[in-house]
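1. Quick one: sequence and predicted model below, then my questions.
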Amino acid sequence: MQKGKLPVHVGLIMDGNGRWAKRRLMPRSSGHKHGMNRMIALAEHAKKRGIKYLTAYTLSTENLSRPKDELDGLFDLFRNYFTENVKKLYAENSAVRIIGDVDALPEDIARLLKEGEKNSPANAEFTMVFAINYGGRAEIINAVNRAIERGEKTDAAGFEKLLYTGGLPEPDLIIRTGGELRLSNFLTYQSAYSELYFTDVLFPDFTDEEFDKAIESYCSRERRFGKV
Ligand code: FPP
């Protein structure tokens, strides 16, 4: 039905930074830094390939219970590099969108994330979506509560506007690196008809060529959306 078409929206579960660092006798934070650089390079590559949205699972709600020193390392990455990376994206006429419970993060980080989103270019050709302190179930519960507050019944189109992803298309393809075969609370509502691609490659080693393999796999599939 849609065979051969490029995905419009790709979701990316960036797993394996810790193991990548451990194999090199380096601290986990070093794996996250290499992962961050790879993520930004992939955004540029995805845009060149004609993909319109890339959503990266940057920090799950569950990741917030990691040991304090690892979390501090991740937060420092945001403090030191987020704005720099956002400027690189703007320079390519790309927008930034944040999904997740940003207000539960340290205040300075919440502020820089919101600024990154707010100052995005209008009419961008590509949007990099950062899922940060994101959890699919929490997103659904939050949307249900917002629907109840409105005091009227909703339908799928109305409900989808209340999700963090309101206004974004559903992910056509979700890629998970690092060898695990699960979605781990990523885009739980939106992934109902997503094509899935799993690879053992650890995220810092997930090159542009590896990304292209996932796109090729997607293009070879026939999507039926429940029809025949
Ligand atoms: C999972 O690997 C990855 C994360 C928890 C963090 C991902 C974050 C980034 C790639 C960069 C952050 C971006 C910015 C802009 C600051 P893991 O630690 O679970 O790896 P493991 O399974 O090998 O332990």
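-> Yep, it's here.
2. which residues in the protein form helices?
-> Under the criterion DSSP state H, the chain contains helices at 17-23, 28-49, 68-77, 83-91, 107-118, 136-150, 156-162, 208-219.
3. closest one to R176 among these?
-> Of all these, it is helix 208-219 that lies closest to R176, at 9.8 Å by C-beta to C-beta. From N, CA and C alone the C-beta is placed, and that goes for glycine too.
4. could I get the helices of the chain as a markdown table with mean pLDDT and mean neighbour count?
-> Shown next, in a markdown table, are the helices of the chain (pLDDT from 0 to 100; neighbours: other C-beta atoms under 10 Å):
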| stretch | mean pLDDT | mean neighbour count |
| --- | --- | --- |
| helix 17-23 | 97 | 19 |
| helix 28-49 | 97 | 20 |
| helix 68-77 | 93 | 15 |
| helix 83-91 | 96 | 15 |
| helix 107-118 | 97 | 15 |
| helix 136-150 | 96 | 15 |
| helix 156-162 | 97 | 13 |
| helix 208-219 | 97 | 16 |
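5. Would you convert those helices into CSV that also reports distance to L59?
-> Listed next are those as CSV, based on distance: least, C-beta to C-beta, whole Å:
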stretch, distance to L59
helix 17-23, 12
helix 28-49, 10
helix 68-77, 7
helix 83-91, 15
helix 107-118, 10
helix 136-150, 13
helix 156-162, 22
helix 208-219, 21
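6. Spell out which residues of this structure are next to the ligand.
-> Selection of the chain residues close to the ligand by C-beta under 6 Å from any ligand atom yields 14-19, 32, 35-36, 39, 58, 63, 77-78, 81-82, 85, 178.
7. give me that answer again for 8 Å
-> 14-22, 28, 31-33, 35-36, 38-40, 56-60, 63, 66, 70, 74, 77-78, 81-82, 85, 130, 178, 180, 202-203 (C-beta under 8 Å from any ligand atom).
8. How about this structure: which residue is closest to the ligand?
-> G18 (2.6 Å; C-beta to the nearest ligand atom).
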